[in-house]
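[1] quick one, what's the 3D model for this:
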Amino acid sequence: MSHRGHGIEELCDAGTELYARALRDGHLRAVDAADAPCLTDLGLLHPAVDDLGRLEPVAPAALLGHLLRGSRTRVAEERRREDRLVALFEPLTRLETRHGRPADTPTLRILSGTERINGAIGDAMADATEEVLCIQSHAGLTGPRGEAAGEAAFARDQAVLDRGARMRALYQHTLRHLPSVYGNFEQLRGDIAVRGLDELPDRLIVIDRTVAFVPAGDDGRLALEVRHPALLRFFVTAFDRLWRLATPMYPQAVERPSLNGVTPRQRAIAALLVEGHTDAAIAERLGMNVRTARVHIARLAATLGSESRAQLGYLIARSGILDQEP
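    Here you go, the predicted structure:
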């Protein structure tokens, strides 16, 4: 039977048995060890000085010490290699690309959990010096925030404004009386402006046009951190176009006029009714509860003289209210 080569850490069963026998008896006949040449190859047995046909065992403690010294030497060498690598690359990791961010920063990164999301936004805000853009619909990146966290966010945003950066925020009109995602914007001091629209995409935060945060799930527990220049340009362009369509809310509020007795909110609802949306879908799109949506629908029906849902759609189309500019 041929003997498979192996290292000492994989000592074969035959070799282990014969080595144990040699330790018990103090020696072993060379012929008895013929089937386990690994014992002599690995230095566990060596020929006796006075009898080459007899093999004597090396003391396990001495052998172990010798083997561990070699292992420690290799570990020490690996540590010296690690030190050399750190010394080489650590200064390089501090270098920035021409875009002003660390070279190893990923362009897309998934963030999981409220704490990690808010932490990443906070880190980015801590470096903001130019502009923060925010879209705040009824769906946010994270869940409700406690009072202490809200105060910390307020202090963070005031620090951004104190550094001379400006803030622009887009809200749904249904949220105009609620605190902003960054705190109560009416208490912030600095260059901050807020506008409202009936419908908005999911929440978006763009900081200094170098990093953006958008939801990556329906429950607000996942977010996508974006640093890709093309996507950032797209987000900023989309924000600017929505901004031009929006109605000023702060620091100077502009009241949206009614048209033929139909309020702007009712016009938004009318547009969705004509598209065939249910009351629940309309409420979801406009960031209100179903009961409030139904109250507006009833008032719209009364204004147009409608007696049924089907007739309301017809009267909306005939009235021309969706063709008129507010």
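[2] from now on I want contacts and neighbour counts done on CA atoms only, so please keep to that.
    Noted.
[3] excluding its backbone neighbours, what's nearest residue 23?
    Leaving aside its sequence neighbours, residue 23 sits nearest to residue 57 (C-alpha to C-alpha, 6 or more residues apart in numbering; 6.1 Å).
[4] which strand residues bridge the one you found?
    Legend: beta-bridge partners of residue 57 under DSSP bridges are residue 45.
[5] and stretch 192-202, how far from the chain's centre?
    With C-alpha atoms, centre = their mean, to the nearest Å as the basis, stretch 192-202 stands 24 Å off its chain's centre.
[6] buried residues in that stretch, which are they?
    Going by neighbour count (16 or more other C-alpha atoms under 10 Å), the buried part of stretch 192-202 is 192, 193, 194, 195, 196, 197, 198, 199, 200, 202.
[7] who's the fifth one bridged to?
    This means residue 196. Beta bridges link residue 196 to residue 171, residue 247, judged by DSSP bridges.
[8] ok, it touching residue 244?
    No. Judged on C-alpha atoms under 8 Å, residue 196 makes no contact with residue 244 at a distance of 10.4 Å.
[9] list the residues that contact the residue nearest to residue 23.
    Going by C-alpha atoms under 8 Å, 6 or more residues apart in numbering, residue 57 touches 19, 22, 23, 26, 27, 44, 45, 46.
[10] redo that, cut-off 6 Å
    22, 44, 45 (C-alpha atoms under 6 Å, 6 or more residues apart in numbering).
[11] quick check, nearest of the buried residues of stretch 192-202 to residue 32?
    The closest of the buried residues of stretch 192-202 to residue 32 turns out to be residue 202 (C-alpha to C-alpha; 79.9 Å).
[12] how far away is the closest one from residue 85?
    Distance from residue 202 to residue 85, counting by C-alpha to C-alpha, to the nearest Å: 44 Å.
[13] likewise for residue 225?
    Between residue 225 and residue 85 the distance is 30 Å, computed by C-alpha to C-alpha.
[14] and for residue 106?
    In terms of C-alpha to C-alpha, residue 106 sits 22 Å off from residue 85.
[15] cool, residue 283 as well?
    Noted for residue 283: a distance of 58 Å to residue 85, by C-alpha to C-alpha.
[16] also residue 215?
    Taken as C-alpha to C-alpha, the span from residue 215 to residue 85 is 38 Å.
[17] who has more neighbours, these two?
    residue 215 (23 against 11; other C-alpha atoms under 10 Å).
[18] for the helix or strand encompassing residue 115, which positions count as buried?
    Per DSSP states H and E, residue 115 falls inside helix 114-126. Going by neighbour count (16+ other C-alpha under 10 Å), the buried part of helix 114-126 is 114, 117, 118, 121, 122, 124, 125.
[19] just put those in TSV and tack on distance to residue 72 and pLDDT.
    Shown next, in TSV, are those (distance: C-alpha to C-alpha, whole Å; pLDDT from 0 to 100):
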residue	distance to residue 72	pLDDT
114	45	85
117	43	90
118	45	88
121	45	92
122	45	90
124	44	92
125	47	91
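[20] let's have the residues you listed in CSV, adding distance to residue 135.
    Below are these laid out as CSV (distance: C-alpha to C-alpha, whole Å):
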residue, distance to residue 135
114, 18
117, 16
118, 16
121, 14
122, 17
124, 17
125, 16
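[21] burial measure for the residue nearest to residue 31 when sequence neighbours are not counted, as a count.
    Spatial nearest neighbour of residue 31, excluding adjacent residues (C-alpha to C-alpha, 6+ apart): residue 53 at 7.5 Å. Per other C-alpha under 10 Å, the neighbour tally for residue 53 reads 13.
[22] next, residue 53: phi, psi?
    phi -90, psi 0 (degrees, to the nearest 10).
[23] helices of the stretch 201-326 of the chain, start to end?
    Along the stretch 201-326 of the chain, counting by DSSP state H, counting those that start in this stretch, helices occupy 229-245, 264-274, 279-286, 290-304, 309-319.
[24] these: which one's closest to residue 7?
    Closest to residue 7 of the helices of the stretch 201-326 of the chain is helix 229-245 (C-alpha to C-alpha; 54.0 Å).
[25] for the chain, which segments count as strands?
    Listed in chain order, the strands of the chain (DSSP state E) span 28-29, 45-47, 54-57, 108-112, 131-136, 166-172, 192-197, 204-207, 211-215, 222-226, 247-250.
[26] turn the ones you listed into TSV, columns for distance to residue 234 and mean pLDDT.
    Shown next, in TSV, are the strands of the chain (distance: least, C-alpha to C-alpha, whole Å; pLDDT from 0 to 100):
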stretch	distance to residue 234	mean pLDDT
strand 28-29	81	88
strand 45-47	74	86
strand 54-57	76	88
strand 108-112	15	90
strand 131-136	13	92
strand 166-172	16	89
strand 192-197	19	87
strand 204-207	11	95
strand 211-215	11	94
strand 222-226	11	93
strand 247-250	22	84
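[27] adding distance to residue 293, write the ones you listed out as CSV.
    Shown next, in CSV, are the strands of the chain (distance: least, C-alpha to C-alpha, whole Å):
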stretch, distance to residue 293
strand 28-29, 96
strand 45-47, 91
strand 54-57, 91
strand 108-112, 33
strand 131-136, 20
strand 166-172, 14
strand 192-197, 16
strand 204-207, 25
strand 211-215, 26
strand 222-226, 29
strand 247-250, 21
